[in-house]
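*Asks:* Show me the folded form of this:
(one chain, ligands or ions: 1)
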Amino acid sequence: MPITDLPQNLPGTSPDAESGVASGAALGAAIQRFAPPLPLAVAFSGGADSTALLLACAERWPGQVVAIHVHHGLQSAADAFVLQCEKTCAQHAVPLKICRVDARHAPGQSPEDAARQLRYATLIKAATEPWPAQGGVPMPAVRSLALAQHADDQVETLLLALSRGAGVAGLAAMPAQWSRAGLAWYRPLLDLPGQVLRDWLAARGQEWVEDPSNADARYTRNRIRAQLLPALHQAFPQFRATFARSSRHCAEAAELLQEMAQADLGAVGNPPRIAALQALSPARQANVLRHWLRSVHATTPSAAQLDQLLAQVGVCRTRGHRIHLKMGRGFVRRLGSVLDWYN
Ligand SMILES: Nc1ncnc2c1ncn2[C@@H]1O[C@H](COP(=O)(O)OP(=O)(O)OP(=O)(O)O)[C@@H](O)[C@H]1O
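*Replies:* Residues are numbered from 1 along each chain as shown. Model prediction:
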């Protein structure tokens, strides 16, 4: 499909000069705070957000920024994304790797999850495998990778977590920095509203491709963006900053719960001793049992299953008391003085 057949954003859509300057200052400040080990690879979809991130980084660290595009082979528009990525990278002399993958999901797996997991694995492989020399100069190994999610994406993630009834780990939303596969990963745009990125690109006459699925109201995330964010802006103009602060509080709380769960699992043992569990408060029992099931058995119980287990642990005072409950992908049963999980 020729690139012009896609809903593309062109210089004609420029915002006024004032918002162009304001967006430049906001993006500039975010990139100034960003200090990744170089060279840096940017996960580049060809959409507005990663186009802004790529160009801002390439300008800040010329010759030390590369781009990776994953062609998922899922949408007919995918070839047009590749063309746009190639055009942008050629214009700005940024080395680009295009990785073609088959991201069809397995039965029972969510299509978005399948595509995301494969995308992350592909980004790691592409970033860490050697890059061609640039102008005869060998390219050193990439040390960090940046993704372009912004403040609106963070709010959407938080609202989706709330709608599922998530605990503090889910409400922590997306981390701004972590390590994986020997790379430092970043989301340097989490403090910026998406509109700032679009204004910045439009003020510079920079094109990007609009993902047609972003307008599809069948996706909850798109409904949140189109309907909830404007209403939130009306009611709480500062919602991006305050929601982000709540997510950071939740991230801290989740870290503490994790540390406490590790210490408590050391104390109750693996498999957990029932008498040792009973010495803990119910909230700590729940925390350590959730951690045991997740970290040792790779399964997540529902809130109702965990409540049942806690109730059974609480009343397990006689030798003959039997425990046998469905728990995540398997079952928890009492074996003598301990709890046992099997499937
Ligand atoms: N096909 C892809 N290839 C490489 N990186 C990608 C691709 N799709 C998304 N990403 C990266 O993952 C981030 C989050 O993806 P998501 O689909 O939520 O955003 P997006 O709407 O595609 O962002 P953008 O406006 O950059 O297209 C993007 O900002 C980008 O950094």
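*Asks:* mind listing the helices for this structure?
*Replies:* 17-33, 48-60, 78-91, 111-128, 151-164, 168-171, 194-203, 220-223, 229-235, 239-268, 274-278, 282-297, 303-315 (DSSP state H).
*Asks:* Sketch out the low-pLDDT regions of this structure for me.
*Replies:* 1-16, 74 (pLDDT under 70).
*Asks:* which residue does it bring closest to the ligand?
*Replies:* Gly47 (2.0 Å; CB to the nearest ligand atom). The C-beta positions use only the backbone N, C-alpha and C, and glycine is treated the same way.
*Asks:* Please identify the residues of the protein in proximity to the ligand?
*Replies:* Contact residues (CB under 6 Å from any ligand atom) of the chain with the ligand: 43-45, 47-50, 68-70, 72, 119, 147-149, 153, 211.
*Asks:* give the contact list for Gly73.
*Replies:* Taking CB atoms under 8 Å, 6 or more residues apart in numbering, we find Gly73 in contact with Arg100, Val101, Asp102, Ala103, Arg104.
*Asks:* how about 10 Å then?
*Replies:* Going by CB atoms under 10 Å, 6 or more residues apart in numbering, Gly73 touches Asp79, Arg100, Val101, Asp102, Ala103, Arg104, Ala115.
*Asks:* are any of the residues you listed buried, and which?
*Replies:* Buried members of the contacts of Gly73, scored by 16 or more other CB atoms under 10 Å, are Val101, Ala103, Ala115.
*Asks:* Could you report the neighbour count for the nearest residue to Arg100 once chain neighbours are set aside?
*Replies:* Setting aside the residues directly before and after it, Arg100 is nearest to His71 in space (CB to CB, 6 or more residues apart in numbering), at 4.6 Å. By the criterion of other CB atoms under 10 Å, His71 has 18 neighbours.
*Asks:* Quick check, His71 in contact with Val82.
*Replies:* Yes. Using CB atoms under 10 Å, His71 makes contact with Val82 at a distance of 5.6 Å.
*Asks:* Give me the common contacts of those two.
*Replies:* Here His71 and Val82 have Ile98, Arg100 as joint contacts, going by CB under 10 Å, 6+ apart.
*Asks:* Let me see the contact set for the residue of the chain closest to the ligand.
*Replies:* So Gly47 contacts Asn9, Phe81, Gln84, Cys85, Ala148, Leu197, Trp208, Val209, Glu210, Asp211, Asn214 (CB under 10 Å, 6+ apart).
*Asks:* Using a markdown table, lay out the helices of the chain together with distance to Arg322.
*Replies:* Formatted as a markdown table, these follow (distance: least, CB to CB, whole Å):
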| stretch | distance to Arg322 |
| --- | --- |
| helix 17-33 | 57 |
| helix 48-60 | 54 |
| helix 78-91 | 55 |
| helix 111-128 | 37 |
| helix 151-164 | 33 |
| helix 168-171 | 32 |
| helix 194-203 | 55 |
| helix 220-223 | 42 |
| helix 229-235 | 50 |
| helix 239-268 | 20 |
| helix 274-278 | 12 |
| helix 282-297 | 18 |
| helix 303-315 | 9 |
